[in-house]
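Colleague: this is the structure alone, sequence omitted:
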């Protein structure tokens, strides 16, 4: 938990912040400097302070991560040095970049990624002076999952199509099973098979610190610790598919996304760290149960506080740090009838299995607002004897998560300070000087950090699941709502 004081109005203290950009090149490019047989600089520190410095200077840099998107985005504006001003001869696409932000002397390595574009801008000022700057844009390492294609052809031995896909779908890689096994099969299995075939190695520059291997494939950490597969599920024959798309698109599709979260981020090796450099982080793929509050989370006398929601990192921020808050709630987010069933073939449904499609609904809410359906069809199933239990448990879970939807806030919150330790999938609490009953608690779905020379570091977030009040008051409201829900009784056709 990151704590800030519950400040009273008035002076909140001064801010000192900074940013660092480091570029790691692949030194043996066959075109750049090929005439003189020179190698590119293996490491470029964007830390120049004046025109005569060897290294370029950083003018501004920003990063953005969003839940559900494979890759984060970044961009940096740099001024070349007079000593070595041809950036086009120093930087190429798919060179690697580290971006760190600093606040009060503490550093957070926020993003490790690759360069997509390098653009040069030249302008003549009113005094006749010429200014030159380079705009670098790119994505974090999720780009690799986002750009690695999958397609299947049983008629080809090519390592990119038939060879690799047949190995993965043919059972050499565990592509079917639980959602966790299937997701890892897509993200891990295809890259490993491609790497073994001499393709998609994504070799890492030797100058990059903190890596345990020479290639990206060998350096990924899969954090599946908070995936429970409860209730137990199996995939519906994904090995018989004819897949098209990228490894990320397939993994996301088969992640059972309503019930799980799949995202990538540059995360500290030690999750308890209060600061971390580019030697302390690693490429991390997170797959976990969706961590939303539920009555199922624990015994009633504990008010449900045993669930994953309450173990998420929490950032406590005084309300005075907020410079812009645009949040609200909408009737478009209201649901009052929940339908959840596995995607099974109709001819395989036995007599009585129609109960799988029974809704869990609130007749009182339907009378006031009309029928607001929430329909989920899962790609996963259990043995036929357990289908009713599976459907019932998942339906109850979805009700707990979304029956309260129309009472929750979502939107954007911008801060007048930099908070680079906030990550997607965290919680944040805006502390009110009026006390806990007026605190705002949110789930963080997106984070943007922006640093500019002379302006400092600012952070903005996209938030959902907003609640004003205490955790106990949330659970009390949820208990009031779920009492209204029931499963309708089937009509007896003989007595109709």
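Modeller: Great, that's in hand. All values derive from a computational prediction rather than experimental measurement. Numbers count the residues shown, from 1 in each chain.
Colleague: use CA for all of it now, contacts and neighbours both
Modeller: Fine.
Colleague: break down the stretch 1-150 of the chain into its strands, ranges please.
Modeller: Shown for the stretch 1-150 of the chain, the strands assigned by DSSP state E, counting those that start in this stretch span residues 17-24, 43-45, 57-66, 73-79, 96-103, 106-124, 130-140, 149-151.
Colleague: tell me which of the ones you listed lies nearest to residue 378.
Modeller: Between residue 378 and the strands of the stretch 1-150 of the chain, the shortest separation by C-alpha to C-alpha is 22.3 Å, and it involves strand 149-151.
Colleague: if I look at residue 2, what pLDDT would I see?
Modeller: The score at residue 2 is 61. That number is its pLDDT.
Colleague: repeat that for residue 488.
Modeller: At residue 488 the predicted local confidence, pLDDT, stands at 86.
Colleague: count of neighbours near the spatially closest residue to residue 269 that is not a sequence neighbour?
Modeller: Using C-alpha to C-alpha, 6 or more residues apart in numbering and skipping the chain neighbours, the partner closest in space to residue 269 is residue 281 (5.2 Å). Other residues lying near residue 281 total 23 when counted by other C-alpha atoms under 10 Å.
Colleague: dig out what residue 281 forms beta bridges with.
Modeller: On DSSP bridges, the residues paired with residue 281 through beta bridges are residue 268.
Colleague: right, and it touches residue 273 too?
Modeller: No. Under the criterion of C-alpha atoms under 8 Å, residue 281 lies out of contact with residue 273, with a separation of 10.3 Å.
Colleague: quick one: low-confidence parts of the stretch 1-150 of the chain?
Modeller: Screening the stretch 1-150 of the chain residue by residue with the criterion pLDDT under 70, one finds the ranges 1-14, 32-40.
Colleague: list the contacts for residue 123?
Modeller: 130, 131, 132 (C-alpha atoms under 8 Å, 6 or more residues apart in numbering).
Colleague: which one of these is nearest residue 91?
Modeller: When the contacts of residue 123 are ranked by distance to residue 91 (C-alpha to C-alpha), residue 132 comes first, at 16.0 Å.
Colleague: and the pLDDT at the residue nearest to residue 64 when sequence neighbours are not counted?
Modeller: Nearest-residue entry for residue 64: residue 448, 4.3 Å, with adjacent residues in sequence omitted and distances by C-alpha to C-alpha, 6+ apart. Here, the pLDDT recorded for residue 448 equals 98.
Colleague: for residue 448, pull up the helix or strand it's in.
Modeller: In this structure, residue 448 is located in strand 440-452 according to DSSP states H and E.
Colleague: partner strands of that strand, with direction?
Modeller: According to DSSP bridges, strand 440-452 has the following sheet partners: strand 57-66 (antiparallel), strand 427-431 (antiparallel), strand 456-468 (antiparallel).
Colleague: got JSON lines for the ones you listed, with distance to residue 94 and mean neighbour count too?
Modeller: As requested, these are arranged in JSON lines below (distance: least, C-alpha to C-alpha, whole Å; neighbours: other C-alpha atoms under 10 Å):
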{"stretch": "strand 57-66", "distance to residue 94": "17", "mean neighbour count": "23"}
{"stretch": "strand 427-431", "distance to residue 94": "33", "mean neighbour count": "23"}
{"stretch": "strand 456-468", "distance to residue 94": "27", "mean neighbour count": "23"}
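Colleague: so which of the ones you listed gets nearest residue 442?
Modeller: The closest approach between residue 442 and any of those, judged by C-alpha to C-alpha, belongs to strand 456-468 at 4.4 Å.
Colleague: between the closest one and strand 17-24, how many degrees?
Modeller: In this structure, strand 456-468 runs at an angle of 110 degrees to strand 17-24, with axes from the mean of the first three to the mean of the last three C-alpha atoms, to 10 degrees as the basis.
Colleague: strand 456-468 to strand 96-103, inter-axis angle?
Modeller: Interaxial angle, strand 456-468 versus strand 96-103 (the same axes, to 10 degrees): 80 degrees.
Colleague: my guess is residue 186 contacts residue 247. True?
Modeller: Yes. Because the distance of 5.7 Å satisfies C-alpha under 8 Å, residue 186 is recorded as touching residue 247.
Colleague: and the gap between residue 127 and residue 51?
Modeller: Between residue 127 and residue 51 the distance is 18 Å, computed by C-alpha to C-alpha, to the nearest Å.
Colleague: higher neighbour count, those two?
Modeller: With neighbours defined as other C-alpha under 10 Å, residue 127 and residue 51 compare such that residue 51 has more, 16 against 6.
Colleague: residue contacts, the more buried one?
Modeller: Neighbouring residues of residue 51 by C-alpha under 8 Å, 6+ apart: 80, 81, 82.
Colleague: any idea of the mean pLDDT for stretch 188-203?
Modeller: Regarding stretch 188-203, the rounded mean pLDDT is 69.
Colleague: what's the burial count for the spatially closest residue to residue 67 that is not a sequence neighbour?
Modeller: By the measure of C-alpha to C-alpha, 6+ apart, the closest residue to residue 67 outside its immediate chain neighbours is residue 445, 5.2 Å from it. Counted with other C-alpha under 10 Å, residues neighbouring residue 445 total 22.
Colleague: per-residue pLDDT of residue 445, please?
Modeller: In the predicted model, residue 445 carries a pLDDT score of 98.
Colleague: check the gap between it and residue 362 for me.
Modeller: Remark: distance between residue 445 and residue 362 (C-alpha to C-alpha) = 29 Å.
Colleague: likewise for residue 100?
Modeller: Noted for residue 100: a distance of 49 Å to residue 362, by C-alpha to C-alpha.
Colleague: which of the contacts of residue 51 tops the neighbour count?
Modeller: That'd be residue 80 among these, by other C-alpha under 10 Å, with 25 neighbours.
Colleague: check contacts around residue 124.
Modeller: Taking C-alpha under 8 Å, 6+ apart as the definition of contact, the neighbours of residue 124 are 130, 131.
Colleague: measure it to residue 261 for me?
Modeller: For residue 124, the distance to residue 261 (C-alpha to C-alpha) stands at 49 Å.
Colleague: phi first, then psi, for residue 357.
Modeller: Geometry field for residue 357 lists phi and psi as phi -100, psi 10, criterion degrees, to the nearest 10.
Colleague: which residues touch it?
Modeller: Contacts here follow C-alpha under 8 Å, 6+ apart; on that basis residue 357 touches 339, 340, 341.
Colleague: change it to 10 Å
Modeller: By C-alpha atoms under 10 Å, 6 or more residues apart in numbering, the contact set of residue 357 is 338, 339, 340, 341, 342, 375, 377, 388, 391, 392, 395.
Colleague: quick check, distance from the longest helix seen in the chain to the centre of its chain.
Modeller: With residue count as the measure and DSSP state H as the assignment, the chain has helix 387-402 as its longest helix. Helix 387-402 sits 25 Å away from the centroid of its parent chain (C-alpha atoms, centre = their mean, to the nearest Å).
Colleague: do the same with stretch 126-145
Modeller: Between the mean C-alpha location of stretch 126-145 and the chain-wide mean there is a distance of 24 Å, by C-alpha atoms, centre = their mean.
Colleague: what is the neighbour count of the residue nearest to residue 63 when sequence neighbours are not counted?
Modeller: Leaving aside its chain neighbours, residue 63 sits nearest to residue 74 (4.3 Å; criterion: C-alpha to C-alpha, 6+ apart). As a burial measure, the neighbour count of residue 74 was computed by other C-alpha under 10 Å and equals 26.
Colleague: residue 74 touches residue 448, doesn't it?
Modeller: Yes. Using C-alpha atoms under 10 Å, residue 74 is in contact with residue 448, at 9.3 Å.
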